[in-house]
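A.B. asks: Attaching a predicted model along with its sequence, questions to come.
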Amino acid sequence: MVHLALTRRALRDIQSIKEFSVATWGEAVADEYLDAIEAALTRLRENPQLLRTKTHISDSLCFYRIRQHFFICAL
């Protein structure tokens, strides 16, 4: 399993996603979305090859989509 660390910015973004989801769709939907984010992080820790490069954007970043958001990972 690889080490995957979230930046302070990523943690703030996840908190914002939670707050927006609670306000818009309610606590249950927000919890489901956050569970999906946590599951995606676990998948990436176990299978880092799931990360995708987009050389037209950056040579040093990888991306992984989770629903309406992207994780952006520095190599």
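C.D. replies: Looks like it arrived, so ask away. Numbering: from 1, shown residues only.

A.B. asks: what's the distance between the strand or helix carrying residue 32 and the middle of its chain?
C.D. replies: Secondary structure assignment for residue 32, by DSSP states H and E: helix 27-46. Centroid separation for helix 27-46 versus its chain: 8 Å, with CA atoms, centre = their mean, to the nearest Å.

A.B. asks: Can you point out the buried residues in it?
C.D. replies: Residues of helix 27-46 classed as buried under the neighbour-count rule (16 or more other CB atoms under 10 Å) are 30, 33, 37, 40-41, 44. Just so you know, the C-beta spots here come from the backbone N, C-alpha and C atoms, and that holds for glycine as well.

A.B. asks: Give me the contact list for that helix.
C.D. replies: 1-4, 6, 14, 17-18, 21-22, 50-51, 64, 66-67, 69, 71, 73 (CB atoms under 8 Å, 6 or more residues apart in numbering).

A.B. asks: and residue 65, how many neighbours does it have?
C.D. replies: 10 (other CB atoms under 10 Å).

A.B. asks: if I look at it, how far off is residue 34?
C.D. replies: Between residue 65 and residue 34 the distance is 16 Å, computed by CB to CB, to the nearest Å.
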